[in-house]
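Chemist: Sequence first, predicted coordinates after that:
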Amino acid sequence: MRTVLITGANKSIGFETARQLLQNGYYVFLGSRNLENGLTAVEKLKADGLIHVEIIQLDVTNDDSVKSARIEIGKKTEILDVLINNAGINGGWPQAALEASIDQFKLVFETNLYGVVRVTQAFIDMLHKSSQPRIVNVSSSGCSLTLHCDPTWKYYTHKAAVYPASKAALNMYTINLAYELRDTPFKVNAVCPGFVATDFNGHRGTGTVQEAGTRIAKYAMIDENGPTGKFISEEHNPETGDCPW
């Protein structure tokens, strides 16, 4: 049974991604910063007959928490097939370029970028033992530099200085990670789940968590012919998924 670790998976998109991968025969390590919330999520999945799941207490902003999670998962399996770096925060609003504080930037980057680096580096040894290792970094088309310079883009006026910058930095990390792993079986991609109605955006989104989970799970399950080092947004381009950086 293939194994997957999903960070920030106790609710919303991460939870739905866990559900869909369980339905596709994966064993899910459900990462949750808050243990109680994670246990509740696991109980919901098991109540639906999805039993191959367990909670892993994991705060991506805390070195000790990440190390403990690595030790705990290492006790249960030598191999991790998929890592989905889903945990993220928006940092609160407003995010005007001339008014957002340095502390606000630090807070968001700590989760959205540094957290991904921490977790990826902690689990890379287990991923290397997989025959088809996959890393999916949950990104956003809202961090596209190209789109934000295009006045015809439908979200052109939706500007924010902090959150999109953190995801743009994540995209660069994804490019470098895919390059370093280019001569291996790894597939590493940045995937936008779409503008989804969740707590994250006050339920202002137009998409569903089911659609988002399907998009992320798809690139967690790609075969050896799948892409790597790509920025993918099926909401932006339903035919190819290509999204400009």
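Modeler: Noted; the coordinates are in hand.
Chemist: so where's this structure uncertain?
Modeler: 197-206 (pLDDT under 70).
Chemist: show me the contacts for the residue nearest the centre of the chain.
Modeler: Using Cα atoms, centre = their mean, the residue of the chain that lies closest to the mean C-alpha position is N86, 2.4 Å off. Residues in contact with N86 (Cβ atoms under 8 Å, 6 or more residues apart in numbering) are 6-9, 13-14, 17, 138, 216. In short, each C-beta sits where N, CA and C put it, glycine included.
Chemist: and if we set it to 6 Å?
Modeler: N86 makes contact with 6-8, 14, 138, according to Cβ atoms under 6 Å, 6 or more residues apart in numbering.
Chemist: For these, pick the one with the most neighbours.
Modeler: I6 (32 neighbours; other Cβ atoms under 10 Å).
Chemist: Could you verify my assumption that that one touches V82?
Modeler: No: I6 is beyond contact range of V82, at 8.3 Å (criterion: Cβ atoms under 6 Å).
Chemist: could you point out the longest helix in this protein?
Modeler: helix 163-180 (DSSP state H).
Chemist: partners of the following helix or strand past that one in the sheet?
Modeler: From helix 163-180 onward toward the C-terminus, using DSSP states H and E, the following helix or strand is strand 187-192. Next to strand 187-192 in the sheet, as set by DSSP bridges, lie strand 134-138 (parallel), strand 230-233 (parallel).
Chemist: returning to what we had before: can you tell me the closest non-neighbouring residue to the residue nearest to the centre of the chain?
Modeler: Leaving aside its sequence neighbours, N86 sits nearest to G14 (Cβ to Cβ, 6 or more residues apart in numbering; 4.2 Å).
Chemist: Assumed the one you found was part of a strand.
Modeler: No: in this structure, G14 is helix, not part of a strand, as judged by DSSP: H, G, I helix; E, B strand; the rest coil.
Chemist: Please tabulate the strands paired with strand 187-192 in a markdown table, including the columns distance to H148.
Modeler: Listed next are the strands paired with strand 187-192 as a markdown table, based on distance: least, Cβ to Cβ, whole Å:
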| stretch | distance to H148 |
| --- | --- |
| strand 134-138 | 19 |
| strand 230-233 | 13 |
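Chemist: Need the winner for burial among those.
Modeler: Most buried of these by mean neighbour count (mean count of other Cβ atoms under 10 Å) is strand 134-138; its value is a mean of 26.
Chemist: Touching it from outside, list them.
Modeler: 82-86, 116, 170, 174, 187-188, 190-191, 216, 219-220.
Chemist: cool, stretch 37-53 as well?
Modeler: Counting by Cβ under 6 Å, 6+ apart, 10, 15, 22, 27-28, 30, 32, 55 sit against stretch 37-53.
Chemist: Inside helices: which ones of those?
Modeler: Using DSSP H, the contacts of stretch 37-53 in helices are 15, 22.
Chemist: quick one: which two of the contacts of stretch 37-53 are the most distant?
Modeler: N10 and Y27 (17.2 Å; Cβ to Cβ).
Chemist: Out of the contacts of stretch 37-53, which is nearest to D125?
Modeler: Closest to D125, out of all of these and judged by Cβ to Cβ, is Y27, at 18.4 Å.
Chemist: what's across from the closest one in the sheet?
Modeler: T3.
Chemist: residue contacts, it?
Modeler: 1, 3, 52 are the contacts of Y27 under Cβ under 6 Å, 6+ apart.
Chemist: count of residues packed around the last one?
Modeler: Yep, that's H52 we're talking about. That count, for H52 with other Cβ under 10 Å as the rule, works out to 14.
Chemist: Tell me, how many residues neighbour S130?
Modeler: By other Cβ under 10 Å, neighbour count at S130 equals 18.
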